[in-house]
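Novice: give the three-dimensional model of this entry:
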Amino acid sequence: MHCLGGVDGSKVRCMKRRFSDLRTFSIVCGLVLLGVAPVCLGQGPTASAAAAFNTYVGALEARLAQQHRSQDGFLAGGVTSGQSAARLRRGELVVEQLTPATDAAGSGAMLHHWRGTAFAPGATAADFERLMKDFNGYPQHFSPQVIEARVLTQQGDRLQSSMRVRQKHGITVVMDTAYDIAFARLDARHGWSSSRSTRIAEIDAAGTAKERVLSASEDHGFLWRMNTYWSYEERDGGLYMQIESVSLTRSIPTGLGWLIGPFVQSIPRESLEFTLRSACNALRK
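Specialist: Down below sits the predicted model:
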């Protein structure tokens, strides 16, 4: 494309068009790279990255176990008092990033840890437990992120489930996931649950005749591990719900930060916020 400018304003508009054309071309090239060079992006997390994730999760679960032993400090961050509680009762979310999205998990991987809290007026702990155990209702309550959900096996408050989930941030990624899930209570007003991923598979051409599961060498590493931990407390005429999410993704390839970075870094927070708001909406109904 050729641009001809006579006055300063025209030159500025010309430069903006050139920048836009260059960025569009770069995005197309990046998407082509994602499609034709999966070997460079795949092969799953290294053993050291997986071990680092497990170590981090172990420390987190030890802290949560201590936290859940009494009503005092049952939720982290002091969110049930002071300004945080006032914000929550106004309908705001309190969201914190607990670790930087860096290569802390090991070479080639990134660990993400987010915590979010919400307040649902009029809701009870029993209401929340019914909602979270109703896996058949997940596609309704957590749409459009959850496409399908079902229980595979169940023994009391421990179960295994599978879900097909969809994430969209510039590009759309569909994954089939499986989790080990456990529910527990301190008393009638305090409870918690844990969900540990046991399988995450990226799906190509989901919902079409060409649908297939990408192999480890083809997987783009948008999500390798995903654990979530709920803590909930009934008080102040409603229910405080707190979720901590720890995920492991591939690190951002050199030169593709502008393309993959927004997806890998934004999705953990956006997914957590979406889940909290969806849970509040479902409890209101």
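
Novice: C-alpha only now, for contacts and for neighbours.
Specialist: Fine.

Novice: does residue 196 count as helix, strand or coil?
Specialist: Following DSSP: H, G, I helix; E, B strand; the rest coil, we place residue 196 in the strand state.

Novice: now residue 69, nearest residue through space, not along the chain?
Specialist: residue 186 (7.1 Å; Cα to Cα, 6 or more residues apart in numbering).

Novice: try residue 230
Specialist: Ranked by Cα to Cα, 6+ apart and with sequence neighbours excluded, the top spatial neighbour of residue 230 is residue 243, at 4.5 Å.

Novice: same thing with residue 197?
Specialist: Nearest non-adjacent residue to residue 197, counting by Cα to Cα, 6+ apart: residue 179, 4.3 Å away.

Novice: my read is that residue 175 contacts residue 165, right?
Specialist: Yes. Here residue 175 reaches residue 165: they are 5.4 Å apart, a contact under Cα atoms under 8 Å.

Novice: and the strands in the stretch 151-285 of the chain, which stretches?
Specialist: For the stretch 151-285 of the chain, the strands defined by DSSP state E, counting those that start in this stretch cover 158-169, 171-187, 190-204, 212-213, 225-235, 238-250.

Novice: the shortest one pairs with which strands?
Specialist: Taking DSSP bridges as the criterion, strand 212-213 forms sheet pairs with strand 190-204 (antiparallel).

Novice: what angle separates the partner strand from strand 171-187?
Specialist: Counting by axes from the mean of the first three to the mean of the last three Cα atoms, to 10 degrees, strand 190-204 lies at 160 degrees to strand 171-187.

Novice: pull out the buried residues from strand 190-204.
Specialist: For strand 190-204, a neighbour-count test (16 or more other Cα atoms under 10 Å) marks 190-198, 200-204 as buried.

Novice: repeat for stretch 223-230
Specialist: Buried residues in stretch 223-230, counted by 16+ other Cα under 10 Å: 223-230.

Novice: same thing with stretch 165-181?
Specialist: Residues of stretch 165-181 classed as buried: 165-167, 173-181 (neighbour count, 16+ other Cα under 10 Å).

Novice: and the residues you listed, which two are the farthest apart?
Specialist: Pairwise distances across the buried residues of stretch 165-181 (Cα to Cα) peak at 23.5 Å, for the pair 173 and 181.

Novice: related to what we said a few turns ago, between the buried residues of stretch 223-230, which is nearest residue 86?
Specialist: Of all those, residue 86 sits closest to residue 230, with 20.9 Å by Cα to Cα.

Novice: so how far is residue 200 from that closest one?
Specialist: The span separating residue 230 from residue 200 equals 20 Å under the rule Cα to Cα, to the nearest Å.

Novice: next: residue 184.
Specialist: Taking Cα to Cα, one finds residue 184 at 25 Å from residue 200.

Novice: so where is the stretch 51-200 of the chain shaky, pLDDT-wise?
Specialist: Within the stretch 51-200 of the chain, the segments meeting pLDDT under 70 span 100-106.

Novice: domain ranges for this structure?
Specialist: Per automatic domain parsing, the structural domains of the chain span 1-36, 45-284.
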